[in-house]
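Novice: Kindly generate the corresponding structure for this input.
(chains A and B)
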Amino acid sequence: MNQQITGAEALMRSLEHQGVKTLFGYPGGSIMPTFDALYGHRDTLNHILVRHEQGATHAAQGFARVSGEVGVCLVTSGPGATNTLTGIADAMIDSTPIVVIAGQVPTGFLGTDAFQEVDLVSITQPITKWSYQIRSAKDVAWAVARAFFLAKNGRPGPVVLDFTKNAQAEMVDYEPATVDFIRSYDPNPLPREGALEEAAALINGAKRPLVLVGQGVELGGAQAEMRALLEKADLPCGCTLLGLSAVPSDHPLNMGMLGMHGNLAPNVKTNECDVLIAVGMRFDDRVTGNLATYAKQAKIIHMDIDPSEFNKNVKVDVEVLGNCKLTLKALTDLVHEAKHTAWIESFGEHKAIENNRVIEPEIHPTEGSLNMGEVVRAVSEESRHEAILVTDVGQNQMMSARYFKYTKERSIVTSGGLGTMGFGMPAAIGATFGRPDRTVCVFMGDGGFQMNIQELGTIMEQRAPVKMILMNNNYLGNVRQWQAMFFGRRYSFTPMMNPDYMQIAAAYNIPARRVTEREELRDAIREMLDTDGPFILEACVIEEGNVMPMTPPGGTVDKMLLEC
Amino acid sequence: MLSMEKTLYTIIVHSENIAGLLNQVTAVFTRRQINIESLNVSASSIKGIHKYTITAWATQSDVEKVVKQIERKVDVLQANYFTDDQIYQHEIALYKLATPIFQANPTASKIIRRHMARVVEVNPTFCIVEKNGMSEEITSLYEELQQFGIVLQFVRSGRVAISTSCFERLNEYLAMREEKYNKEKEMK
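Specialist: Numbering: from 1, shown residues only, chains lettered A, B, ... in the order given. This is a model prediction of the structure:
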């Protein structure tokens, strides 16, 4: 018979059994037995002590998004657990595989309003794939196996394990557990018979096809399959925010970003195409604008692993259920080689308009303050377009998504669905652990930088090589832009007094440099990239810069504004 | 075009018998601002699987989305929606009647017989009448009895329903899942 171990020790072994090497966490009363067990596993489980539990979840997200592995968080009950909610909700809406393990009061205290007790399972049910309370050490191996199976299989997402303190301390005979089948959940659903043939027939008959590439392509590891389909049938594509690095930016069939602040051509062409092929995306309102005028002329093919996405927002003609790695390959076998030269050339006109009126003035200005787009493109170029882009939320996010270039897979980490300010810095920390071989650049505004500014402590302690680009305009810029456009320039609580970020950087012993002049920009970026470890580059950018073009909320995708 | 007209749909859900699942199922309705008219939860014929019978007024497009969102929960095995012509449905109701008024009105007992209800308890103060039937029959008995001002209390259950198609969808589903799993395992 095996020697008995504690539930906490069983958790450590279960995590190791799942191949976990990195976790992000913060100790507290109800998770102390688990942190005590962790102390004995320091050689195999690298625990990153964050400065706030929200930071732990975003770090786990960043880790998961760049590595394709499950991100793991370890926090205490009550406030420790509630501090993770934003990250969990973010992971749910952006389909990011994370497992959050939270301490809980002992089983005997449940329901008594005990110290640091919250009903975490109930709170997290709507924002998780699965949320489960471990009340006995016997459950640990099974619950961890099921948690990881659910987090990473099918459409990925967050799982919560609420670990009662008595179960952490209880003795148990440990046997590693594996879950590879859940009868109520099929992670590899298959398309209905005939769906692929119908989709292929539509594509083969199309004169003006357009593909929408979503994050599902990255999550399914189907980047090569996606390119194969695009190239065989000569299909132009646009990418969603989260799908930007699924197809290289300079691929001749990549027409750019979709959505509210996306590129003009793919948005306009959405309302001109005759067949729209949406792959691993969910027709978010930031992509579609007004649904009543969205792609009404087109036959729509929707490929997704989650059947509840079909007809949720946009009524589709052919649903192709399944992992796109398999369905794209099968579809490519069925489509004919084709050329759509005239159609593809017709994107050029819109590209030229956007280039002349928006892009060139944004990235190559000759006078005035630094522009956000100018800073982003310079960083992208100096890192040979090979870095991982992490963004915060707001103008910095749209500008960096638009002007960064992507040559490698899994190269954009951003809070798309939830739009979480404060996401950037901790997510970038996680990304450096997920892909230590790659450069990680995070763009933040002065608002978002301060929303999880405490994680500078984590960066300092870990010497995490996060290249932080703070685009400071002394405003909550995105809201300010909307106030300018839709609220008569009434800048209600968007101007913001800022601290001296150089002093903050100095306090954390992080090398830093402030840039105000155009002539200095490249040199400062090179200094940042050449410095080992973390760096803060504060770029003082134009105060009232605007992200353009724009489909105003409720607007139509082919009527983007080029100026405000 | 899907009709925007609302219909009373019966939604039948099979799930693993796990604490907290009811919450997850009802939350799908709450999120879309759809009122649940009735709800019945009980063990199904298969051990460890619970069956939910829910009625709600909704448009077809809403009920489709609701069912998909419910089915998306990992511990839900199956969710389907039905219109009244696709199911056989029943409710049970109890009526507490004032005995003195009941005795003074002989038609009251005729009404009960005509509705095929039965008296299950009588004492000098009240008697209890029980009725099984379709939703409208139960309402109609209530209305007829209430003409006499006789009903002291009235309670009705949620709907239980069974589909009128000849196969049990759940068995088929479970068999299919097992088969697919074994096939995937073989391929590995």
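Novice: C-alpha from now on. contacts and neighbour counts both.
Specialist: Noted.
Novice: and the gap between the residue of the stretch 451-564 of chain A at minimum distance from chain B and B:R32?
Specialist: Across the stretch 451-564 of chain A, the shortest distance to chain B (C-alpha to the nearest C-alpha) belongs to A:G554, at 20.4 Å. Distance, A:G554 to B:R32, by C-alpha to C-alpha, to the nearest Å: 20 Å.
Novice: try A:H261
Specialist: 29 Å.
Novice: With neighbour numbers in mind, choose between those two.
Specialist: A:H261 (24 against 11; other C-alpha atoms under 10 Å in any protein chain shown).
Novice: and A:C273, helix, strand or coil?
Specialist: Three-state call for A:C273 (DSSP: H, G, I helix; E, B strand; the rest coil): coil.
Novice: returning to what we had before: any idea which element the residue of the stretch 451-564 of chain A closest to chain B lies in?
Specialist: Per DSSP states H and E, A:G554 falls between elements, in no helix or strand.
Novice: Which residue, other than its chain neighbours, is closest to it?
Specialist: Nearest non-adjacent residue to A:G554, counting by C-alpha to C-alpha, 6 or more residues apart in numbering or on different chains: A:N290, 4.7 Å away.
Novice: for the one you found, what are its contacts?
Specialist: Going by C-alpha atoms under 8 Å, 6 or more residues apart in numbering or on different chains, A:N290 touches A:P553, A:G554, A:G555, A:T556, A:V557.
Novice: now A:R480
Specialist: Applying C-alpha under 8 Å, 6+ apart, we find A:R480 in contact with A:R489, A:Y491, A:T494, A:E544.
Novice: same thing but at 10 Å, please
Specialist: Contact analysis of A:R480 by C-alpha atoms under 10 Å, 6 or more residues apart in numbering or on different chains lists A:395, A:486-487, A:489-495, A:543-546.
Novice: do the same with B:V28
Specialist: Residues in contact with B:V28 (C-alpha under 10 Å, 6+ apart) are A:P126, B:I34, B:K65, B:V66, B:V67, B:K68, B:Q69, B:I70.
Novice: hang on, isn't the fifth one packed against B:Y81?
Specialist: So the one you mean is B:V67. Yes. Under the criterion of C-alpha atoms under 10 Å, B:V67 makes contact with B:Y81 at 7.0 Å.
Novice: that older thread, could you flag which of the contacts of A:N290 are buried?
Specialist: Neighbour counting with 16 or more other C-alpha atoms under 10 Å in any protein chain shown marks A:G555, A:T556, A:V557 as buried within these.
Novice: is it possible to export these to CSV including pLDDT?
Specialist: Below are the buried ones among the contacts of A:N290 laid out as CSV (pLDDT from 0 to 100):
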residue, pLDDT
A:G555, 94
A:T556, 96
A:V557, 95
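Novice: Can you give me the domain assignment for chain B?
Specialist: B:7-82, B:88-160 (automatic domain parsing).
Novice: Which of those domains has the highest mean neighbour count?
Specialist: Ranked by mean neighbour count, those are led by domain B:7-82 with a mean of 18 (mean count of other C-alpha atoms under 10 Å in any protein chain shown).
Novice: Quick check: phi and psi at the residue in the stretch 51-200 of chain A that chain B sits nearest to.
Specialist: Proximity of the stretch 51-200 of chain A to chain B (C-alpha to the nearest C-alpha) peaks at A:S184, 4.3 Å away. Main-chain torsions, A:S184, degrees, to the nearest 10: phi -90, psi 0.
Novice: That one: neighbour count?
Specialist: Neighbourhood size, A:S184 [other C-alpha under 10 Å]: 20.
Novice: so what's it up against?
Specialist: Taking C-alpha under 10 Å, 6+ apart, we find A:S184 in contact with B:14-16, B:71-78, B:173-174, B:177.
Novice: of the residues you listed, closest to chain A?
Specialist: Distance to chain A across the contacts of A:S184 (C-alpha to the nearest C-alpha) is lowest for B:L77, with 4.3 Å.
Novice: That closest one contacts B:G48, doesn't it?
Specialist: No. B:L77 lies out of contact with B:G48 (C-alpha under 10 Å); the separation is 11.6 Å.
Novice: shared neighbours, those two?
Specialist: Common contacts of B:L77 and B:G48 (C-alpha under 10 Å, 6+ apart): B:S15, B:E16.
Novice: Just give the nearest non-adjacent residue to residue 174, would you?
Specialist: Using chain A. Counting by C-alpha to C-alpha, 6+ apart, the residue nearest A:Y174 is A:A10, at 6.3 Å.
Novice: wrong chain, I was asking about chain B
Specialist: A:R183 (7.0 Å).
Novice: roughly how far apart are the one you found and A:L334?
Specialist: A:R183 sits 32 Å away from A:L334, going by C-alpha to C-alpha.
Novice: all helices of chain B, in order?
Specialist: In chain B, the helices defined using DSSP state H lie at B:21-31, B:60-72, B:99-104, B:106-114, B:135-146, B:169-187.
Novice: could these go into TSV alongside mean pLDDT?
Specialist: Shown next, in TSV, are those (pLDDT from 0 to 100):
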stretch	mean pLDDT
helix B:21-31	94
helix B:60-72	96
helix B:99-104	93
helix B:106-114	93
helix B:135-146	94
helix B:169-187	89
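Novice: and of those, who's closest to B:T53?
Specialist: B:T53 sits nearest to helix B:21-31 of all the helices of chain B, at 11.1 Å, using C-alpha to C-alpha.
Novice: which ones are touching B:T26?
Specialist: Counting by C-alpha under 10 Å, 6+ apart, B:T26 makes contact with B:I34, B:N35, B:I36, B:L39, B:I54, B:I70.
Novice: Go back to these and keep what's next to chain A.
Specialist: When those are checked against chain A using C-alpha under 10 Å from any C-alpha of the partner chain, the ones in range are B:I70.
Novice: after the one helix or strand A:R65 maps to comes which helix or strand?
Specialist: Element membership for A:R65, per DSSP H and E: helix A:53-67. Downstream of helix A:53-67, the next assigned helix or strand under DSSP H and E is strand A:71-75.
Novice: what helices or strands is the longest strand anywhere in chain B leaning on?
Specialist: Using DSSP state E to define each element, chain B has its longest strand at strand B:87-98. In terms of contacts (3 or more C-alpha pairs under 10 Å, 6 or more residues apart in numbering or on different chains; DSSP states H and E), strand B:87-98 is packed against strand B:118-122, strand B:126-133, helix B:135-146, strand B:151-156, strand B:160-163.
Novice: at 6 Å what do you get?
Specialist: strand B:126-133, strand B:151-156, strand B:160-163 (3 or more C-alpha pairs under 6 Å, 6 or more residues apart in numbering or on different chains; DSSP states H and E).
Novice: Pipe those into JSON lines and attach mean pLDDT per row.
Specialist: Below are those laid out as JSON lines (pLDDT from 0 to 100):
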{"stretch": "strand B:126-133", "mean pLDDT": "96"}
{"stretch": "strand B:151-156", "mean pLDDT": "96"}
{"stretch": "strand B:160-163", "mean pLDDT": "90"}
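Novice: Figure out which of those strands is closest to A:A56.
Specialist: Nearest to A:A56, of all these, is strand B:160-163, at 46.4 Å by C-alpha to C-alpha.
Novice: The closest one pairs with which strands?
Specialist: Neighbouring strands of strand B:160-163 in its sheet, by DSSP bridges, are strand B:87-98 (antiparallel).
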